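J.: Give the three-dimensional model of this entry:
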Amino acid sequence: MQRLEESLKYKIWRQSLADQGITVHGIRELKTIRKPSGEVIFALLEADAADPEGHPLLPAVLLRGHFVSVMTILVDRKTGEEFLLMVRQRRVGNGAVFYEHPAGMCDSETDPFDVAMKEVHEETGLIITRNDLHLLNTELLYSSPGLIDEAGYFFFCRIGLSRHDIDAFNERDTGDGGEHERIRTYVCPAGEALPLMRNTNSLINWYLYHDFLKRPNTGKNHDSRTDV
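T.: Reported below is the predicted structural model:
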């Protein structure tokens with residue numbers, strides 16, 4: 001059974017507090033959820049901490065760790081038409097079905113590129129390499145730092161395929177049933193994807209990518225992999 005203090009996410013969180021000059025007087029572990037292997041997934045903590053000026057911080061902390069999100073663009077090698085390879089699953093937060101980019105937590109892995117490659121493969125079946133991945137944010141972006149330590153690395157990849165191979169990625173059942181993941185892939189024409197997104201992280205990924213396209217010397221075909 002992994003102790004909370006031994007988990008990577010706890011160590012990263014404590015280091016982030018130290019880097020900001022936060023004084024920690026004490027941490028109380030209220031509830032920790034672990035995988036069957038004993039690895040820490042989430043932890044609800046009460047922190048007795050103060051900012052550099054000595055003012056106390058709000059004490060409740062939900063420790064979740066960092067995540068990756070990968071906007072996965074499949075390009076028809078013949079026509080240039082673009083599709084998003086998305087994942088569709090029902091979420092417990094409100095019970096609804098969400099359309100999202102492949103994503104996952106950096107539970108015990110310090111290299112977000114490794115996590116991104118693993119999550120795209122596990123959730124969609126698509127095999128990508130480190131060279132296919134392009135990181136869109138130079139600094140971590142935080143979901144809701146008033147309560148949660150969670151912060152994200154946002155990537156994109158563009159993969160050239162035949163239309164037959166693109167269609168083959170649609171409606172695949174994936175996910176880890178042992179962790180209650182029931183995922184189905186969804187191949188969506190790029191122009192129809194935005195209205196489907198109701199997850200803020202997916203939207204952030206989308207807008208970061210389109211901001212990237214507006215930068216000088218970048219374009220839709222600049223980073224495509226077309227030799228698969």
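J.: Can you check the pLDDT for residue 58?
T.: What the model reports for residue 58 is a pLDDT of 95.
J.: Could you pull up the residues touching it?
T.: 146-147 (Cβ atoms under 8 Å, 6 or more residues apart in numbering). C-beta here means a position set from N, CA and C on the backbone, and glycine is covered the same way.
J.: does it count as helix, strand or coil?
T.: coil (DSSP: H, G, I helix; E, B strand; the rest coil).
J.: How about the contacts made by residue 183?
T.: Residue 183 neighbours (Cβ under 8 Å, 6+ apart): 87-89, 123, 173-175.
J.: Could you do residue 69 as well?
T.: With Cβ under 8 Å, 6+ apart, residue 69 has these contacts: 100-103, 152-155, 201-202, 204-205.
J.: Looking at strand pairing, list the partners for it.
T.: residue 103, residue 154 (DSSP bridges).
J.: Quick check: it vs residue 7, distance?
T.: Going from residue 69 to residue 7 by Cβ to Cβ, to the nearest Å gives 22 Å.
J.: okay, and for this structure, where does confidence drop off?
T.: For the chain, applying pLDDT under 70 flags the ranges 176-180, 218-228.
J.: ok, now with 80
T.: Along the chain, the parts satisfying pLDDT under 80 run over 175-181, 217-228.
J.: Going along the chain, name the strands of it.
T.: Ranges of strands in the chain, per DSSP state E, are 23-34, 40-50, 60-63, 67-76, 82-90, 97-100, 103-105, 134-135, 141-142, 151-161, 173-174, 183-189.
J.: Thought residue 31 was touching residue 44, still the case?
T.: Yes - in this structure, residue 44 is within contact of residue 31 by Cβ atoms under 8 Å, at 4.5 Å.
J.: So which of those two has more stuff around it?
T.: Comparing residue 44 with residue 31 by neighbour count (other Cβ atoms under 10 Å), the higher total belongs to residue 44, at 15 against 9.
J.: how about that one, what does it touch?
T.: Per Cβ under 8 Å, 6+ apart, neighbours of residue 44: 30-32, 60-63.
J.: top of the residues you listed by neighbour count?
T.: Most surrounded of the contacts of residue 44: other Cβ under 10 Å gives residue 63, at 24 neighbours.
J.: From residue 31, how far off is the nearest residue to that residue once chain neighbours are set aside?
T.: Excluding its sequence neighbours, the residue lying closest to residue 63 (Cβ to Cβ, 6 or more residues apart in numbering) is residue 43, at 4.1 Å. Plainly put, residue 43 is 7 Å away from residue 31 if you go by Cβ to Cβ.
J.: Residue 93: neighbouring residues, count only.
T.: Using other Cβ under 10 Å: residue 93 sits among 7 other residues.
J.: For residue 9, see how far away residue 172 is.
T.: Distance from residue 172 to residue 9, by Cβ to Cβ: 30 Å.
J.: And those two? Which one has more around it.
T.: Using other Cβ under 10 Å as the criterion, residue 172 and residue 9 rank with residue 9 on top: 22 against 18.
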